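Visitor: Only the shape, not the letters, is given here:
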DNA sequence: GAGAGCATGTAAGAGGTTACATGATTCC
DNA sequence: GGAATCATGTAACCTCTTACATGCTCTC
């Protein structure tokens, strides 16, 4: 379970609340390769406390809701370190767009292309978002934290670029097949 | 839910049993972009019957267990067609290897590299599997079913290749960072 | 005699999503 | 006056995985 370990990973850097973990940490960095929603983060934090990997303390605030601050325990740190060294299976890949394309034989070409183009637009947006993230280039990273952040971002860029390239190719292939079919009819 | 629609998609081509759907159809084609295990396929087929999108009939066999043959209904066909035309959100991406890399700052380089190399080996295997699938090239496809199968396979190849390229880059970057750090100490 | 293939199923649980609730403060 | 921010939580649900069970036949 990676959510668990991502939480341990962030808390290894210092105590923090669920709210901040979600809005500042997850959504602004790992969300690209491990999105997590609020409910699940809170639930998992509770579980980690139950398991003795975290402790929590309440910080009273006036005017604002109280905060619940989580800290990693010794056990939490060993658990994290062990997990980080474990070779894992490749991530299962699930992409409904490919399912749609795979079974599209009875759908009109124009409609298939519309679906692909909608996806193209969304992936361009994603790519733009990732491109706007400013991190030092690989060769300019001055510590390991920076380097690994850069490398994961690099994967994001590569993946989106490959996806977009493929979408263009697919759209072109369908159009060209359509033209070929028309000539023959 | 794509599993549901993948099942409808296959059954749209003709009646079939859960067993065959799993072993011949899923595992040999869509598994790459929509893996599904046996239990879930059976459960989903049941649900589709409940919802009136499929019907089932039992075929008695001697010597072998009886088979339950599912057929798509009119409602099932419309449901499938509508779904195929619906633009969808980009697939959420979850990759625990990136989580591991992202939080690896306190792990020794050699161990991080081991994890990456293990992943590299697995992805080479995956790529080899996909490469062994024989399908006509894009320009040689003679019908839409072939073309869409080819295009989804093309995505698989592209994705695995990009992943492998990235892994090599990441490994090289970590090694080079390590050398730089040593020179400075 | 062991194991693979055929074929369907139950039960339990992990992981993730959706919808909703609370209540003060700050900003337009 | 309405929306956004801060901050935590409950309940119900969907999807997917793991472990296990049955029982006959065919092949090595």
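Guide: Nice, thanks for sending it over. Everything numeric in this text was worked out from a predicted model, so none of it was measured.

Visitor: Does the top helix by length along chain A reach chain B?
Guide: Assignment by DSSP state H gives helix A:144-184 as the longest helix of chain A. Yes: residues of helix A:144-184 contacting chain B under CB under 8 Å from any CB of the partner chain: A:144-145, A:147-149, A:151-152, A:154-155, A:158-159, A:162, A:165-166, A:169-170, A:173-174, A:176-177. For the C-beta atoms, the positions are set from N, CA and C on the backbone; glycine is no exception.

Visitor: Taking helix B:144-184 as reference, get the angle to that helix.
Guide: On the basis of axes from the mean of the first three to the mean of the last three CA atoms, to 10 degrees, helix A:144-184 is oriented at 160 degrees to helix B:144-184.

Visitor: still on that earlier bit, which of the residues of helix A:144-184 next to chain B are buried? Put it as a PyMOL command.
Guide: To isolate the buried members of the residues of helix A:144-184 next to chain B in PyMOL, using 16 or more other CB atoms under 10 Å in any protein chain shown:
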select buried, chain A and resi 144+147+148+149+151+152+154+155+158+159+162+166+170+173+174+177
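
Visitor: where do the helices sit along chain A?
Guide: A:2-11, A:18-20, A:38-50, A:74-84, A:96-102, A:109-131, A:144-184.

Visitor: for those helices, which one sits closest to residue B:38?
Guide: helix A:96-102 (18.6 Å; CB to CB).

Visitor: what residues does chain A put near DNA strand D?
Guide: Contact residues (CB under 7 Å from any atom of the strand) of chain A with DNA strand D: A:17-20, A:23, A:38-39, A:42-43, A:46, A:61, A:64-69, A:92, A:94.

Visitor: Now restrict these to buried residues only.
Guide: Applying a neighbour-count criterion of 16+ other CB under 10 Å, the buried members of the residues of chain A next to DNA strand D are A:17-18, A:68-69, A:94.

Visitor: give me the low-pLDDT residue ranges for chain A?
Guide: Along chain A, no part satisfies pLDDT under 70.

Visitor: Residue A:117: neighbour count?
Guide: Residue A:117 has 14 neighbours, counted by other CB atoms under 10 Å in any protein chain shown.

Visitor: In contact with it, which residues?
Guide: Residue A:117 makes contact with residue A:171, according to CB atoms under 8 Å, 6 or more residues apart in numbering or on different chains.

Visitor: cool, residue A:32 as well?
Guide: Contacts of residue A:32 (CB under 8 Å, 6+ apart): A:130, A:152-153, A:156, B:93.

Visitor: Apply 10 Å and report the result again.
Guide: For residue A:32, the contact set (CB atoms under 10 Å, 6 or more residues apart in numbering or on different chains) comprises A:126, A:129-130, A:133, A:152-153, A:155-157, A:159-160, B:92-93, B:95, B:98.

Visitor: among the residues you listed, which ones are buried?
Guide: A:126, A:130, A:152-153, A:155-156, A:159-160, B:93, B:95, B:98.

Visitor: how about TSV for the residues you listed, with distance to residue B:112 added?
Guide: Conversion of those to TSV gives the following (distance: CB to CB, whole Å):
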residue	distance to residue B:112
A:126	27
A:130	23
A:152	12
A:153	17
A:155	15
A:156	19
A:159	20
A:160	24
B:93	21
B:95	15
B:98	12
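
Visitor: so which of those residues would you say is closest to residue A:84?
Guide: Ranked by distance to residue A:84 (CB to CB), those are led by residue B:98 at 12.1 Å.

Visitor: which non-adjacent residue is nearest the closest one?
Guide: Spatial nearest neighbour of residue B:98, excluding adjacent residues (CB to CB, 6 or more residues apart in numbering or on different chains): residue A:33 at 4.0 Å.

Visitor: Quick check: phi and psi at that neighbour.
Guide: phi -110, psi 0 (degrees, to the nearest 10).

Visitor: what about residue A:159, distance to residue B:158?
Guide: Look at residue A:159 and residue B:158: by CB to CB, to the nearest Å, they are 10 Å apart.

Visitor: what do you get for residue A:149?
Guide: Here the criterion is CB to CB. By it, residue A:149 lies 25 Å from residue B:158.

Visitor: do the same with residue A:114
Guide: In terms of CB to CB, residue A:114 sits 22 Å off from residue B:158.

Visitor: With residue A:162 instead?
Guide: Separation of residue A:162 from residue B:158 (CB to CB) stands at 5 Å.

Visitor: likewise residue A:13?
Guide: Plainly put, residue A:13 is 35 Å away from residue B:158 if you go by CB to CB.

Visitor: next one: residue A:77
Guide: With CB to CB as the criterion, residue A:77 and residue B:158 are 39 Å apart.

Visitor: now for the buried ones among the residues of chain A next to DNA strand D, which pair is the farthest apart?
Guide: Farthest pair in these (CB to CB) is A:69 and A:94. Separation: 35.6 Å.

Visitor: so who does residue A:94 touch?
Guide: Applying CB under 10 Å, 6+ apart, the residues near residue A:94 are B:2-3, B:33-36, B:91-94.

Visitor: out of those, which are buried?
Guide: Buried among the contacts of residue A:94 (16+ other CB under 10 Å): B:2-3, B:33-34, B:36, B:91, B:93-94.

Visitor: Nearest to residue A:140 among those residues?
Guide: Of these, the one sitting nearest to residue A:140 (CB to CB) turns out to be residue B:93, at 26.2 Å.

Visitor: Quick check, that closest one in contact with residue A:159.
Guide: Yes: counting by CB atoms under 10 Å, residue B:93 does reach residue A:159; the two are 7.3 Å apart.
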